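Student: sequence plus the predicted model coming up.
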Amino acid sequence: KQEVTQIPAALSVPEGENLVLNCSFTDSAIYNLQWFRQDPGKGLTSLLLIQSSQREQTSGRLNASLDKSSGRSTLYIAASQPGDSATYLCAVRPPGFQKLVFGTGTRLLVSP
Amino acid sequence: DAMVIQNPRYQVTQFGKPVTLSCSQTLNHNVMYWYQQKSSQAPKLLFHYYDKDFNNEADTPDNFQSRRPNTSFCFLDIRSPGLGDAAMYLCATSRAGEREQFFGPGTRLTVL
C-alpha cells in the first residue's frame, strides 16, 4: 500500500529565504507526482506535475525534483515571500489507478 | 475560464439529516473524483467516476453515495451524516489518459 510522508510538518522562515520541502513515498512504482498548495479553508491549487520519466519541473520560483528509485521528491521555493504562506501537499498517482495518494502536507509560514 | 465549481462552499446539517453536495466542471473531463479531507489530515479518495462508470474505494462507508447525471455534474450524497463526517469535501477532475487533477474550492461540511 502506497504511503506518502512529508517532512517537516511545519516550517517558519523569514522572507527572502530559499527553502526545500520534502516528500517521500514507500512504493517507487508511480505514474506521476503532483505538488499542490492549499490556503486555509480552501481547495487545492496544482503547482507542478512530474511524470515518472521526468527528473524535475520548474514554474517561476518553484522547482520540483523526483528521484523515483529512492522514493523522494523535493519542492524548492526560491526567494520566499509572505504570499507563499500556505500548506503544501504532495501526491502520487499509482500506476493503473486514477486516484492520488496524498501526504499530510507541510504548513509554511513566511514572515515579512 | 474553465474550472471546477463546488456548491455550496459551506454546508451545515444536523446529525442524521441527508445532505447533497454539488460539483460541476467546464473542463469537459472524463473523470470526476470526490475526496474527503478532515482537519489537518491528507485528502482521502471516496470514489470516482470514469465517464459513467462508478468506482468506489474499498473503505468508503455505505453512508456515502454519488451520482453523475451528465459529464458536467457530479453529486455527493451523505445519507445519514454523523459527527465524524464533518470535513472538507473536495471535487476534482481529470482527462482520462492525461495526468493532472484539477480541484474545486471545496465544501466545508459541519454536522451539528
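Tutor: All right, it came through fine.
Student: which residues in the chain form strands?
Tutor: If you meant another chain, say so; for now it's chain A. A:4-7, A:10-14, A:19-25, A:32-38, A:44-51, A:56-59, A:62-67, A:72-77, A:86-93, A:101-102, A:106-111 (DSSP state E).
Student: chain B is the one I meant
Tutor: B:4-7, B:10-13, B:19-25, B:31-37, B:44-50, B:53-56, B:64-67, B:73-78, B:87-94, B:102-103, B:107-111.
Student: what bridges to residue 73?
Tutor: Just going to use chain A. Taking DSSP bridges as the rule, A:S73 bridges to A:C23, A:L66.
Student: not what I meant, chain B
Tutor: B:S24.
Student: now do the contacts for it.
Tutor: Contact analysis of B:F73 by CB atoms under 8 Å, 6 or more residues apart in numbering or on different chains lists B:22-24. Every residue, glycine included, has its C-beta placed from N, CA and C.
Student: derive a ChimeraX selection command for the buried subset of those.
Tutor: The ChimeraX selection below is limited to those of the contacts of B:F73 classed as buried (16 or more other CB atoms under 10 Å in any protein chain shown):
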select /B:22,23,24
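Student: so which of the contacts of B:F73 is the closest to chain A?
Tutor: B:C23 (10.9 Å; CB to the nearest CB).
Student: test my guess that the closest one contacts B:Y33.
Tutor: No. Counting by CB atoms under 8 Å, B:C23 stays clear of B:Y33, with 9.1 Å between them.
Student: can you tell me the closest non-neighbouring residue to the residue most central in space within chain B?
Tutor: Residue closest to the average C-alpha location in chain B (CA atoms, centre = their mean): B:W34, at 3.1 Å. Among residues not flanking B:W34 along the chain, B:L46 sits closest, at 4.6 Å (CB to CB, 6 or more residues apart in numbering or on different chains).
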